[in-house]
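Visitor: what follows is a predicted structure for the sequence shown.
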Amino acid sequence: MSPRRGQAALTASPVLVGAVTVLVTIVAVFLSYNANSGLPFVPTYDLKANLPNGAQLVKGFEVRIGGARVGFISKIEPKQQPDGTAYAQVTMKLDKSIEPIPADSTLLVRPRSSLGLKYVELTPGQMQSGLAAGSTIPLRQARPAVVELDDLFSMFDAKTRVGQRNTLNGFGGGFAGRGADVNTAIEAFVPLLADLEPVAQNLSDPSTRLNRFFASLARAAEEVAPVAEEQASLFVNLDTSFTAWASVARPFLQETISESPPSERVAIEQFPEQRPFIRNNTAFFRELRPGVAVLPHAAPILADAFEAGTEVLPKTKQMNEDLADVFQKLAEFGDDPMVRAGINSLTRLVSSLNPTLRFLTPAQTTCNYAGIFLRNIASLLSEGDANGNYQRFATVSAPTDPITFELGPNNEGGPSDAPANGPGRHNHLHVNPYPNSAAPGQTQACEAGNERYAAGQTVIGNTPGNQGLKTDGQP
C-alpha cells in the first residue's frame, strides 16, 4: 500500500512534473544545438588541413568520405605562407572509426546545395602510413576549388549580356540557310582537329611554358606602348604602300609569288654548285685589293693609255694578221716532243741553279757588283796603238824594308811557306777569298772592294766589322 501512495504522490505534484519537463526540454535543446559541434563525452579523431581558400566555409560544415558524414569542421583560421600569400587552415573532428586515414589523402571543398552550403570531401589515399591525430594535411594535397554558381552568374553582367545577345543575332543570321555548308565545314574540321590534337598536347605540356609566352606578350605590349603613335603612322603608311602595290598585284605580284617556289627550288639545287665559283671570286677580289687601292693614282694614267690605245690599236690589225702565222709556228714548236724534252731539261737546270741563284742574287740586287763590273770593264781595253787595244794592268811589287830594301820573310814576291806576317809594317798578307755579299746566311754587307787596309796586321778572310751596303765612291 505504501508504494502506491508514494507513486501517486509524485505524479500528483504539478510543480515537480513541470520541472522535470523543463529539464528534459533544456537537455534536448542543448543536445540539438551542439549536435554539429559533437556530442559531449564522445571521443573524436582530430586533424588539421590547409586549403587555398576558406571562403563560404563556416564551423559545423560536414566532412564526408564517399558521401557519408564522418565529421565536421570545428575551427577555421587564416594563415600566411613565407612568400606572403594567404591560405585557410581548418580543424576537423572526425569519427574514431576512420582513424588513421592514409597520409596521401586529398581534400576538396564541394557545394552541398545551390544555396551556398558546403562540405569538405575527404578522399583517402593509397599509402600504408596514416596520419596521427593532430597532424596537418599539407596545402599541396588540397584540390582546386569548385566554381561557385554565384561566381558563374557574376560573369554575365550587363555588357556581357548585350554582347551575347548581339553574338547570337549575328550567328543566327550567319547560319540561317547554310546547314549544308556547316556540315561540309564540320567534315573538313576532322583532319584539322586530328592534327591539332598533338599541337595542343605540346602547348599544354608544362615544359612548353606557354604561360611565359603570354607574360612576354604583355611585357612586349608595355614596351611598344610609348611608340603607339609611331606604330599607328606606320600602319597608315603601310596602307599607302599596299594601295600602290594593289595596282600591280595582278599579274606582276601574282606571277612573282607563283614563280618564286620553282625559282627557290632551282636556287637550292644550283647554289651548292656555285660555291667553287664564289670561292674563286672571293680569292680573285682579295688579290685585286692592292690594285684597286692604287686606282685613284693610276686611273688618269690608264685613261691616257686607253686614249692612246684607241689611236694605235686600229693600226695593229695587219700586225695581228702577221702574228697569226708566228703563233701557229710557235704552237707547232710547242707540240714538238723534242721541245718539251728540252723545256723539261731546262726546268731541271733552273731548279738545280735555284740555290746558287738565291745565294748570288744579292751580289747584284743589293751590292750591284755586276753593274760595277760591266761599267769598269770598258776601261780594261781603253789603251792601245795602231795594232789595236790591249789589256791594261799594273805591277804590284812585294813590299821591302825602307832602309835595307830587302824583302820581308814569307813575302808575296815569291814562294813562301807561310802567310806574310811582318816584321815590317807592310809585310802582311791581306786576302779575303769569300767576301760577304749580303747573301743568305752572311752579314748584310757588301764587303768585296770595301775592305779597309789594316797596316801592320795580317788579315785573312772577312774583315772585322760591317763595311755597309755602299759599293761606289768608298774612301
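Guide: Right, received. Where do you want to start? Just so you know, these numbers come straight off a predicted model, no measurement behind them.

Visitor: stretch 407-420: which residues count as buried?
Guide: The neighbour-count criterion (16 or more other CB atoms under 10 Å) identifies 407-408, 410-412, 420 as the buried residues of stretch 407-420. Placement of C-beta: from N, CA and C, glycine included.

Visitor: for those, which one is nearest residue 327?
Guide: Comparing these against residue 327 with CB to CB places residue 412 closest, at 61.1 Å.

Visitor: you'd agree that closest one is up against residue 398?
Guide: Yes. Residue 412 sits in contact with residue 398 when judged by CB atoms under 8 Å, with a separation of 5.4 Å.

Visitor: all helices of the protein, in order?
Guide: In the chain, the helices defined using DSSP state H lie at 2-11, 14-33, 149-154, 158-175, 179-204, 210-224, 228-246, 254-270, 275-293, 295-312, 317-335, 337-365, 369-377.

Visitor: same for the fifth one, what does it pack against?
Guide: Right, the one you point to is helix 179-204. For helix 179-204, there is no helix or strand it packs on, judged by 3 or more CB pairs under 8 Å, 6 or more residues apart in numbering; DSSP states H and E.

Visitor: and the angle from it to helix 210-224?
Guide: 90 degrees (axes from the mean of the first three to the mean of the last three CA atoms, to 10 degrees).

Visitor: chain center to stretch 450-469: distance?
Guide: 67 Å (CA atoms, centre = their mean, to the nearest Å).

Visitor: adjacent strands (with direction) for the lengthiest strand in the chain?
Guide: When the chain is parsed with DSSP state E, its longest strand is strand 68-80. Pairing partners of strand 68-80, with direction, according to DSSP bridges: strand 62-65 (antiparallel), strand 86-94 (antiparallel).

Visitor: ok so, going back, could I get the helices of the chain as TSV with distance to residue 119?
Guide: Listed next are those as TSV, based on distance: least, CB to CB, whole Å:
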stretch	distance to residue 119
helix 2-11	47
helix 14-33	20
helix 149-154	16
helix 158-175	31
helix 179-204	31
helix 210-224	32
helix 228-246	51
helix 254-270	64
helix 275-293	75
helix 295-312	94
helix 317-335	110
helix 337-365	106
helix 369-377	118
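
Visitor: check residue 37 and give its pLDDT.
Guide: Per-residue pLDDT puts residue 37 at 56.

Visitor: repeat for residue 83
Guide: 87.

Visitor: now the phi/psi pair for it, please.
Guide: phi -80, psi 0 (degrees, to the nearest 10).

Visitor: thinking again about what came up before, show me what the longest strand of the chain is in contact with.
Guide: 36-38, 44-46, 50, 54, 57-64, 86-95, 97-98, 120, 122 (CB atoms under 8 Å, 6 or more residues apart in numbering).

Visitor: next: stretch 46-57.
Guide: By CB under 8 Å, 6+ apart, stretch 46-57 touches 73-74, 76, 78-79, 87-94, 101, 107, 109, 116, 118, 120, 131, 133-139, 142, 144-145, 148.
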